[in-house]
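1. sequence first, predicted model second:
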Amino acid sequence: MKRSVHVSAPLLAAVALALNTGCRQTQMARCVDDQNHVVPDSFCDNPHQTTNYSGVPMYRPYYGGIGNYYIGSTVSGGGFTPMSGASYSTSTSRGGFGSSFGGGRGGSSGSGSGS
Amino acid sequence: MQRVSLNPRPNWQSKVEQQGLTFHSPTAMAPHPYWDESAAYHFTAAEIDTLEAAGNQLQTMCLAAAQHVIDRQRYAELAIPPEAIPLIEWAWNQEPPAIYGRFDLSWAGASSGKPPKLLEYNADTPTALLEAAVVQWAWMEELGRSLPGTSLLHAPDQFNSIHDRLIAKWKDVADYLTQPVYFAALEWSDPDAQIAKEAAEDHLTVTYLRDTAQQAGLQTRHIAIQDIGWNPDRHCFVDAEISENQIHSLFKLYPWEAMLAEEFGPAALATCRNMTWIEPIWKLLLSNKGILPILWELYPNHELLLPAFLERPGEDQSSSFQRLFSYVRKPLHSREGANISIIRPNAQTIETSGPYSAGPFIRQAIAPEAVFADAAGNDRYPILGLWMIDQDCSGLGIRESAGPITDNLSSFIPHYFC
């Protein structure tokens, strides 16, 4: 058999359309420092944390928004209160896959995960 | 095998976008598009038979090479992490579902008088899949008998049963999977257009695979690889839903060697026997460039292989390497043409940069020349990607570059035969 009989990929087409129109749902919970940079989730484990000189907690959970889970990346678009309906187990950590190709990924050097 | 120049279809951009290929014209490649239908490769049916047979034969040889690595415990030569070895051997014996892979071959067609030569095997995380399976198929369906060399009696055909074979394979393995099956790739947004292209490529490739699984009747879920959660209390990976559902079956378009080096690597190994990972962890043996010297050792002078040798640090390399005056030097895990050098006597070394400079490296003889001229007379270097679905060579996708190293700036060129 050398040829496909009928090729149809409706899910692919729909997701491609959504990418092109910038429609993407995000539901993330990340631990951030007082500069809104992502830090390891464990930093948010202690509820009675120190604050910085202006009273902002050194580490606190950040809900929703855009961006990713990479340590050091800056969060935006979300907030410090949970999104309605969203709750995350405090013992689950995320971002443990994906770091090899994050952040300083160089364009022409080509470190894509596919090849 | 001929390279024919064509007029791109009017509105080809919107056509390929509607089929799912949004990254057809990355700015980093301008003025060349990534999806380039200003040309096509035209094969004879006999040439396609040659390629199909080559893919099937190489698959048999690669499985024998993997068995050899296991039997002789040659993991260190492939820089396989010792902690992964028991899981590789377990997965090899259990035969969990393995879906796909892509052989990259160099060939100038039957008229060259030489057989195709294996350059490498992308056995774990191959991309350029939806281009090959969907977009070039639709291209041929639309152009049909207007393609050069076709006629009323000779309709064009394409080496492409990728889509049907993927759906059939998912049906085959459905009983071995726990549904929903999760599909994960790296996802992120980046202002750099080239990086954004790569991100879209991974996301859409995994979405296409998920699409074929759904068409096979499987329940599927999407998750970004970064959003996968590890719950140490439950000792399992969980999804990003509020209920944090356990992930039992996961297709990941993300290389095993990267996963093992990351924070969740130990957890992936600890739960490997309780989860179904696709591709399975034993693919580490074949996606590794170190398999090329082992193939050459097991099948010396095989017509589909190029001489290849492992560099062994601290060892006198003159004995085996003196036979290779001209060679390509590749790291074991390079991707998208990174850290490749081409060394020829009395010629300047051609080198690409990248993050894999620490090696280890292999040396592979340079393939017989396979260069075609475009309409302006410029050299174009095609690489023939043979898609293996399960154990069957199921299709062809061609990427083409301006130079001898195929990288992430190469174009995809459709093909047909008649």
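-> That came through fine.

2. the bottom helix or strand of chain A by mean pLDDT?
-> Taking mean pLDDT, DSSP states H and E as the measure, chain A has helix A:10-20 as its least confident helix or strand, at a mean of 78.

3. buried set for it?
-> Neighbour counts using 16 or more other Cβ atoms under 10 Å in any protein chain shown place A:11, A:12, A:13, A:15, A:16, A:19 of helix A:10-20 among the buried residues. Heads up, the C-betas are built off the backbone N, CA and C, glycines and all.

4. check stretch B:219-233 too.
-> Neighbour-count burial for stretch B:219-233 [16+ other Cβ under 10 Å]: B:220, B:221, B:222, B:223, B:224, B:225, B:226, B:227, B:228, B:229, B:230, B:231.

5. helix, strand, or coil at the second one?
-> Per DSSP: H, G, I helix; E, B strand; the rest coil, the local secondary structure of residue B:221 is strand.

6. please tell me I have it right and it contacts residue B:179.
-> No - at 9.2 Å, residue B:221 and residue B:179 do not qualify as touching, with contact defined as Cβ atoms under 8 Å.

7. what do these two both touch?
-> Residues touching both residue B:221 and residue B:179 (Cβ atoms under 8 Å, 6 or more residues apart in numbering or on different chains): there are none.

8. which one of the buried residues of stretch B:219-233 sits closest to residue B:363?
-> Using Cβ to Cβ, residue B:225 is the member of those that lies nearest residue B:363, at 32.8 Å.

9. residues touching residue A:38, list them.
-> Applying Cβ under 8 Å, 6+ apart, one finds that residue A:38 lies in contact with A:30-32, A:62, A:67-75, A:95.

10. want to throw those into CSV with pLDDT and distance to residue B:102?
-> Converted to CSV, these look like this (pLDDT from 0 to 100; distance: Cβ to Cβ, whole Å):
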residue, pLDDT, distance to residue B:102
A:30, 82, 35
A:31, 85, 39
A:32, 88, 40
A:62, 84, 40
A:67, 67, 32
A:68, 68, 28
A:69, 70, 29
A:70, 72, 29
A:71, 77, 33
A:72, 82, 34
A:73, 82, 32
A:74, 86, 37
A:75, 86, 37
A:95, 87, 29
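
11. if any of those residues are buried, put those into a PyMOL selection.
-> A single PyMOL command is used to select the members of the contacts of residue A:38 judged buried by 16+ other Cβ under 10 Å:
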select buried, chain A and resi 30+31+32+62+67+68+69+70+71+73+75+95
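
12. filter the contacts of residue A:38 down to the ones in helices?
-> Of those, none are assigned to helices by DSSP state H.

13. helix, strand or coil for the closest residue to residue B:232 other than its chain neighbours?
-> Nearest non-adjacent residue to residue B:232, counting by Cβ to Cβ, 6 or more residues apart in numbering or on different chains: residue A:91, 6.4 Å away. At residue A:91, secondary structure determined by three-state DSSP is coil.

14. if we can go back for a sec, may I have the least confident helix or strand of chain A as PDB, with CA atoms only?
-> Below are the C-alpha coordinates for helix A:10-20, written out as PDB (Å, rounded to 0.1, in the frame of the first residue of the first chain):
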ATOM      1  CA  PRO A  10      -9.800  18.000  11.700                       C
ATOM      2  CA  LEU A  11      -8.300  18.300  15.200                       C
ATOM      3  CA  LEU A  12      -5.000  19.400  13.700                       C
ATOM      4  CA  ALA A  13      -6.800  22.100  11.600                       C
ATOM      5  CA  ALA A  14      -8.700  23.400  14.600                       C
ATOM      6  CA  VAL A  15      -5.700  23.700  16.800                       C
ATOM      7  CA  ALA A  16      -3.700  25.300  14.000                       C
ATOM      8  CA  LEU A  17      -6.500  27.900  13.600                       C
ATOM      9  CA  ALA A  18      -6.500  28.500  17.400                       C
ATOM     10  CA  LEU A  19      -2.800  29.100  17.400                       C
ATOM     11  CA  ASN A  20      -3.000  31.600  14.500                       C
END
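
15. list the contacts of that helix.
-> A:24, B:17-22, B:130, B:134, B:200, B:203-204, B:207-208, B:210-211, B:214.

16. where does the stretch 251-400 of chain B dip in pLDDT?
-> Residues of the stretch 251-400 of chain B meeting the criterion pLDDT under 70: B:314-323, B:336.

17. where do the helices sit along it?
-> B:256-261, B:265-270, B:291-298, B:318-321 (DSSP state H, counting those that start in this stretch).

18. tell me if the third one is near chain A.
-> No - using Cβ under 8 Å from any Cβ of the partner chain as the criterion, no contacts between helix B:291-298 and chain A are found, and the smallest distance is 14.6 Å.

19. tell me how far that helix is from the chain's mean position?
-> Chain-centre distance of helix B:291-298: 19 Å, with Cα atoms, centre = their mean, to the nearest Å.

20. helices or strands next to the helix or strand hosting residue B:4 in the packing?
-> Assigned by DSSP states H and E, residue B:4 belongs to strand B:2-5. Secondary structure elements in contact with strand B:2-5, counted by 3 or more Cβ pairs under 8 Å, 6 or more residues apart in numbering or on different chains; DSSP states H and E, are strand B:39-43, strand B:372-373.

21. which of those strands sits most buried?
-> Mean neighbour counts were compared across the helices and strands packed on strand B:2-5 using mean count of other Cβ atoms under 10 Å in any protein chain shown; the top stretch is strand B:39-43, at a mean of 22.

22. quick one: buried residues of the helix or strand just after it?
-> Counting by DSSP H and E, the element after strand B:39-43 in chain order, helix or strand, is helix B:45-72. Buried residues in helix B:45-72, counting neighbours by 16+ other Cβ under 10 Å, are found at B:47-48, B:50-52, B:54-59, B:61-62, B:65-66, B:68-70.

23. pLDDT on the helix or strand following helix B:45-72, on average?
-> Later in the chain than helix B:45-72, the nearest helix or strand by DSSP H and E is helix B:85-94. Mean per-residue pLDDT for helix B:85-94: 96.

24. list the buried ones in helix B:85-94?
-> Using 16+ other Cβ under 10 Å as the test for burial, helix B:85-94 gives B:87, B:88, B:91, B:92.

25. nearest to chain A among these?
-> Nearest to chain A among these is residue B:87, at 16.5 Å by Cβ to the nearest Cβ.

26. what residues are up against the residue nearest to the closest one when sequence neighbours are not counted?
-> The shortest distance from residue B:87 to any non-neighbouring residue, by Cβ to Cβ, 6+ apart, is to residue B:272 (4.5 Å). Residues counted as contacts of residue B:272 (Cβ under 8 Å, 6+ apart) are B:87, B:90, B:91, B:281.

27. same question for residue B:138.
-> Residue B:138 neighbours (Cβ under 8 Å, 6+ apart): A:7, B:15, B:19.

28. what angle sits between the one helix or strand it maps to and strand B:39-43?
-> When secondary structure is defined using DSSP H and E, the element that contains residue B:138 is helix B:136-143. Using axes from the mean of the first three to the mean of the last three Cα atoms, to 10 degrees, the inter-axis angle of helix B:136-143 relative to strand B:39-43 is 90 degrees.

29. show me how far helix B:136-143 is from its chain's centre.
-> Computed by Cα atoms, centre = their mean, the separation of helix B:136-143 from the middle of its chain amounts to 22 Å.

30. quick check: mean pLDDT of it?
-> This predicted structure assigns helix B:136-143 an average pLDDT of 96.
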